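> just coords:
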């Protein structure tokens, strides 16, 4: 019998690792994108990563859409809901029968994401730009939502 040195584990890291492992197991059992540890993808499609930031004047949504062009993406606003959809096509070459894949991590297929917009967004002024696989949606706020400074007067100013 081999003797091995006992290593004390950081209790916090151990708990995070256990939680991560449990999440991955649940994802495999339920094949659910919310439980799977695969970055929000499923066998039927993929979900591009997105960020939403807020400035004083606007909300800015950015989406990573590698391998896509602006023709592959649709952007719609209806009833204060912003919907982004598209399809990433898988490209194959002729004579693929002789090609074997050893690793397949890239995702292809159709995606759709929807976001409820706050009333502070001026939907008539929304603009979108697509450059180098990044979609940026600029959603300006209505003037009333931008806030303003209120001057404080003293009693002597009347």
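Arrived safely. Quantities reported herein were computed from a predicted structural model and do not represent experimental measurements.

> tell me the domain boundaries of this protein?
12-41, 45-89+108-146 (automatic domain parsing).

> and those, which one is worst for confidence?
Lowest mean pLDDT within the domains of the chain: domain 12-41, at a mean of 59.

> please name the nearest non-neighbouring residue to residue 144.
Among residues not flanking residue 144 along the chain, residue 120 sits closest, at 7.9 Å (Cβ to Cβ, 6 or more residues apart in numbering). Heads up, the C-betas are built off the backbone N, CA and C, glycines and all.

> so which of the domains of the chain is nearest residue 101?
Closest to residue 101 of the domains of the chain is domain 45-89+108-146 (Cβ to Cβ; 12.8 Å).

> please enumerate the strands of this protein.
With DSSP state E as the criterion, the chain has strands at 50-54, 58-64, 73-78, 81-88, 109-116, 127-131, 134-140.

> other SSEs contacting the fifth one?
For strand 109-116, the packing partners by 3 or more Cβ pairs under 8 Å, 6 or more residues apart in numbering; DSSP states H and E come out as strand 81-88.

> kindly provide the distance from the residue nearest to residue 133 when sequence neighbours are not counted to residue 112.
Distances taken as Cβ to Cβ, 6+ apart place residue 66 nearest to residue 133, at 4.5 Å, with adjacent residues excluded. Counting by Cβ to Cβ, to the nearest Å, the gap from residue 66 to residue 112 is 18 Å.

> residue 85 touches residue 111, doesn't it?
Yes - between residue 85 and residue 111 there is a contact at 6.6 Å, judged by Cβ atoms under 8 Å.

> who's more crowded, those two?
Applying other Cβ atoms under 10 Å to residue 85 and residue 111 shows that residue 111 carries more neighbours, namely 21 against 14.

> so who does the more buried one touch?
45-48, 85-88 (Cβ atoms under 8 Å, 6 or more residues apart in numbering).

> for residue 144, state which of the residues you listed is nearest.
Of all those, residue 144 sits closest to residue 85, with 30.9 Å by Cβ to Cβ.

> now the residue nearest to residue 144: how far from residue 126?
Distance, residue 120 to residue 126, using Cβ to Cβ: 13 Å.

> and for residue 108?
Here residue 108 is placed at a distance of 28 Å from residue 126 (Cβ to Cβ).

> who has more neighbours out of the two?
When neighbours are counted by other Cβ under 10 Å, residue 108 and residue 126 differ, and residue 126 comes out ahead with 18 against 13.
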